[in-house]
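Chemist: please work out how this folds:
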Amino acid sequence: MTTTVSTAPAGAGKLPRQIPYIIGNEVCERFSFYGMRNILTPFLITTLLLYAPLAERVGIAKDVFHTFVIGVYFFPLLGGWLSDRFFGKYNTVLWLSLVYCAGHACLAIFEDYRPGFYTGLFLIALGSGGIKPLVSAFVGDQFDQTNKAKARVVYDAFYWSINFGSFFASLLMPKILVNFGAAWAFGIPGILMFIATVIFWSGRKKYVHVPPAPPNPDSFFSVVRTALTQRKDGEGRSGLTVAMTGVAGGAAVLVIWLLSPAWWPEHFGFVISACLALGLVLVLGGIGTAMQLERARGLHPDEAVDGVRAVLRILIVFALVTPFWSLFDQKASTWIIQGNAMQMPDASWWPAWLVSEPAQMQALNPILVMLLIPFNNLVLYPALRRMGFQVTALRRMGWGIAFSGLAWVAAGIIQLYIDGGTTTSIAWQALPYLLLTFGEVLVSATGLEFAYSQAAPSMKGVIMSFWLLAVTFGNLWVLMVNAGVRNAAVLSRIEQTGLSEPAFLMFFFAVFAFLAALAFALYARRYPMQDHYRVA
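Modeler: Residues are numbered from 1 along each chain as shown. From the prediction side, this is the model:
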């Protein structure tokens, strides 16, 4: 058998003609997702939760929103597994997109029927989360050695399309909710998702279809299983004991939730309990694996064993980043609620024709992302290097967590003015949005680059799944805090501070971020940097 090697220089090939279908799909899909996500909290408070007393609606709305986000970032595990083992990327994306469309339809149809509406949220979480790790990877499948240099341009366009869709959705859908009602506000994103699906399907005959890979005997979980189960003469299996303690602990949490004893927190529902159970399995399973990992050496290639060790180190970094996500995702819940208590500026400099609803302030995030990324790369980082500062990935991420804390200090100060009865312009929210988005660029964009460079080639897929799962645990912190403040003793302590509950929580999350940034900096000093970029 003869293998033909292309002699064309890298980058000489044409841009794959199927790429516009994927980009068009991404623009419409992101519009549909952010369109419904950014109006979810105000809709819940003003319409779906009218059965609850006014004082309780905010807490319930935040619980629903962050539970939804937890689902969105949990289901990538399912989507990736179905794609890799059974159906391939194209089929998995197509079928889950139809599930996604069905979810949007439920939101539009059942705008005043809670079971139907929550079913829609579940279907959207399943569809959106399931395709999340696949579409960007499907882009990479369309390139080969002859045109790989053009992949960077396409990924730039891909990322830009995400923010483009988010920007216009954030501006338009809150106005449509107010002026035309929930059926249209949720129906239009559903129409856009259907169009996204049709666009994606239209390119089916042009795509490069990479078939599902056979089971890898040296995969991450295969090495972990070998490490935990392999016996060694003269030594016990303490690592296996630790890992099984995590499994038993996770099962115990679910049983306790099911039995609901009096001492179990009343508001720790299934989602919180399931996430806590998963956390126990991951933490103790990781510790147990690290204790016995060397037992897999010789039974698996050294590269695979070293790759697992690198993943375990990276998971500590991801765990320290979860507090950032707890702050970041509250811009679509807590900050919208704060904006409802603020006043739209009545001045010539304010674009009232563009921004007239508090939820529309979220449009600042994507537009700032598009401005800050080139500013950082072209101005800020070169200037810091000239001043003698090393702008490493870990330093950027640590500072990003700290800047998210500063954003919440700013939001907390705004809340103090609101609580004091001062008429407060919503324009002041631009400051916390700027600080939070700056933190996002430092954490999110850098985190993906960091994870890619640190993970061995065979472990890059599992790293992406864990990166997305970090967002799930970030939102878990929010649910746990919301559950905690429903306790009478906790509320009494908050009252003793002289702060309102919203102000107290804003400063609490700011301190949470600062402590996480400090812990991140301490761990980063000991982290052994790797370089797993592909050799040219």
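Chemist: hmm, Ser136 is touching Ile162, no?
Modeler: No - at 9.6 Å, Ser136 does not count as touching Ile162 under the criterion of Cβ atoms under 8 Å. Just so you know, the C-beta spots here come from the backbone N, C-alpha and C atoms, and that holds for glycine as well.
Chemist: in contact with the nearest residue to Ser136 once chain neighbours are set aside: list those residues for me.
Modeler: Using Cβ to Cβ, 6 or more residues apart in numbering and skipping residues adjacent in sequence, the residue nearest Ser136 is Phe158, 6.6 Å away. Residues in contact with Phe158 (Cβ atoms under 8 Å, 6 or more residues apart in numbering) are Ile22, Ile23, Glu26, Ser136, Val139.
Chemist: with adjacent residues omitted, what lies nearest to Leu368?
Modeler: Per Cβ to Cβ, 6+ apart, closest to Leu368 is Thr437, 4.1 Å.
Chemist: burial count for that neighbour?
Modeler: 24 (other Cβ atoms under 10 Å).
Chemist: what's the answer for Trp353, then?
Modeler: Residues near Trp353, counting by other Cβ under 10 Å: 6.
Chemist: got phi/psi on it?
Modeler: Per-residue torsions, Trp353: phi -70, psi -20 (degrees, to the nearest 10).
Chemist: secondary structure class for the residue nearest in space to the middle of the chain?
Modeler: For the chain, the residue nearest the mean C-alpha position is Val471 (4.1 Å; Cα atoms, centre = their mean). Classification of Val471 by DSSP: H, G, I helix; E, B strand; the rest coil places it in helix.
Chemist: surely it meets Leu327?
Modeler: No - at 11.8 Å, Val471 does not count as touching Leu327 under the criterion of Cβ under 8 Å.
Chemist: so who does the closest residue to Val224 other than its chain neighbours touch?
Modeler: Leaving aside its chain neighbours, Val224 sits nearest to Thr289 (5.1 Å; criterion: Cβ to Cβ, 6+ apart). Contact analysis of Thr289 by Cβ under 8 Å, 6+ apart lists Val224, Ala227, Leu228, Gly239, Ala243, Val308, Leu312.
Chemist: neighbours of the residue nearest to Ser356 when sequence neighbours are not counted, how many?
Modeler: Spatial nearest neighbour of Ser356, chain neighbours left out: Met344 (6.2 Å); criterion: Cβ to Cβ, 6+ apart. As a burial measure, Met344 scores 16 neighbours (other Cβ under 10 Å).
Chemist: please enumerate the helices of the stretch 351-500 of the chain.
Modeler: Along the stretch 351-500 of the chain, counting by DSSP state H, counting those that start in this stretch, helices occupy 364-375, 381-386, 393-419, 430-440, 446-454, 460-484, 488-496.
Chemist: what angle do the fifth one and helix 460-484 make?
Modeler: Helix 446-454 and helix 460-484 are oriented at 140 degrees to each other (axes from the mean of the first three to the mean of the last three Cα atoms, to 10 degrees).
Chemist: mind giving me the packing neighbours of helix 446-454?
Modeler: Applying 3 or more Cβ pairs under 8 Å, 6 or more residues apart in numbering; DSSP states H and E, one finds that helix 446-454 contacts helix 302-328, helix 393-419, helix 460-484.
Chemist: what about that helix, distance to the chain center?
Modeler: 15 Å (Cα atoms, centre = their mean, to the nearest Å).
Chemist: quick check: buried residues in that helix?
Modeler: Thr446, Gly447, Phe450, Ala451, Gln454 (16 or more other Cβ atoms under 10 Å).
Chemist: quick one: which of these is nearest Gly59?
Modeler: Taking Cβ to Cβ as the measure, Gly59 sits nearest to Gly447 out of these, at 30.2 Å.
Chemist: right, and that closest one touches Val321 too?
Modeler: Yes - between Gly447 and Val321 there is a contact under Cβ under 8 Å: 6.5 Å.
Chemist: shared neighbours, those two?
Modeler: In contact with both Gly447 and Val321: Met397, using Cβ under 8 Å, 6+ apart.
Chemist: for Pro215, what are its contacts?
Modeler: Arg85.
Chemist: er, Ser166 I mean
Modeler: Taking Cβ under 8 Å, 6+ apart as the test, what Ser166 contacts is Arg30, Phe31, Tyr34, Ala363, Asn365, Pro366.
Chemist: secondary structure element for the closest residue in space to the fourth one that isn't next to it in sequence?
Modeler: The shortest distance from Ala363 to any residue other than its chain neighbours is 3.7 Å, reached at Ser170 (Cβ to Cβ, 6+ apart). The secondary structure element spanning Ser170 is helix 151-180 (assigned by DSSP states H and E).
Chemist: which parts of that helix are buried?
Modeler: When burial is assessed from 16+ other Cβ under 10 Å, helix 151-180 yields the following buried residues: 151, 154, 157-177.
Chemist: burial count for Arg525?
Modeler: 7.
Chemist: can you pull out the low-pLDDT segments for the stretch 51-200 of the chain?
Modeler: Low-confidence segments of the stretch 51-200 of the chain (pLDDT under 70): 145, 147-149, 151-153, 156.
Chemist: can you tell me how far Pro53 is from Gln415?
Modeler: To Gln415, Pro53 is 22 Å away according to Cβ to Cβ, to the nearest Å.
Chemist: what's the answer for Ile22, then?
Modeler: Distance from Ile22 to Gln415, by Cβ to Cβ: 42 Å.
Chemist: helices or strands next to the helix or strand hosting Gly140 in the packing?
Modeler: Taking DSSP H and E as the criterion, the element that holds Gly140 is helix 114-141. Other elements packing on helix 114-141 under the criterion 3+ Cβ pairs under 8 Å, 6+ apart are helix 19-43, helix 54-74, helix 76-82, helix 88-109, helix 151-180, helix 460-484.
Chemist: pick the most deeply packed of these.
Modeler: helix 19-43 (a mean of 24; mean count of other Cβ atoms under 10 Å).
Chemist: tabulate the helices and strands packed on helix 446-454 (JSON lines), appending distance to Phe508 and mean pLDDT.
Modeler: Shown next, in JSON lines, are the helices and strands packed on helix 446-454 (distance: least, Cβ to Cβ, whole Å; pLDDT from 0 to 100):
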{"stretch": "helix 302-328", "distance to Phe508": "11", "mean pLDDT": "93"}
{"stretch": "helix 393-419", "distance to Phe508": "9", "mean pLDDT": "96"}
{"stretch": "helix 460-484", "distance to Phe508": "7", "mean pLDDT": "89"}
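Chemist: and Leu77, which of these is closest to it?
Modeler: The nearest among the helices and strands packed on helix 446-454, by Cβ to Cβ, is helix 460-484 at 5.4 Å.
Chemist: what helices or strands is the closest one leaning on?
Modeler: helix 54-74, helix 76-82, helix 114-141, helix 270-292, helix 302-328, helix 446-454, helix 501-526.
Chemist: now do the fourth one and helix 54-74, the angle between them.
Modeler: So the one you mean is helix 270-292. 40 degrees.
Chemist: ok, and what's touching stretch 475-490?
Modeler: Residues contacting stretch 475-490 (Cβ under 8 Å, 6+ apart): 59, 62-63, 66-67, 69-70, 73, 265-268, 271-272, 275-276, 279, 322-323, 325-326, 329-330, 333, 491, 494, 501, 505, 508-509, 512.
Chemist: which of those are buried?
Modeler: Buried among the contacts of stretch 475-490 (16+ other Cβ under 10 Å): 59, 62-63, 66-67, 69-70, 73, 267-268, 271-272, 275-276, 279, 322-323, 325-326, 329-330, 333, 494, 501, 505, 508-509, 512.
Chemist: contacting residues around Phe43?
Modeler: Going by Cβ under 8 Å, 6+ apart, the list of residues near Phe43 reads Leu177, Ala182, Ala185, Phe186.
Chemist: again, only using 7 Å
Modeler: Leu177, Ala182 (Cβ atoms under 7 Å, 6 or more residues apart in numbering).
Chemist: ok, the one 4 residues further on next?
Modeler: With contacts defined as Cβ under 7 Å, 6+ apart, Thr47 is in contact with Glu111, Ala182.
Chemist: quick one: it from Leu172, how far?
Modeler: The value you get for Thr47 to Leu172, if Cβ to Cβ is used, is 19 Å.
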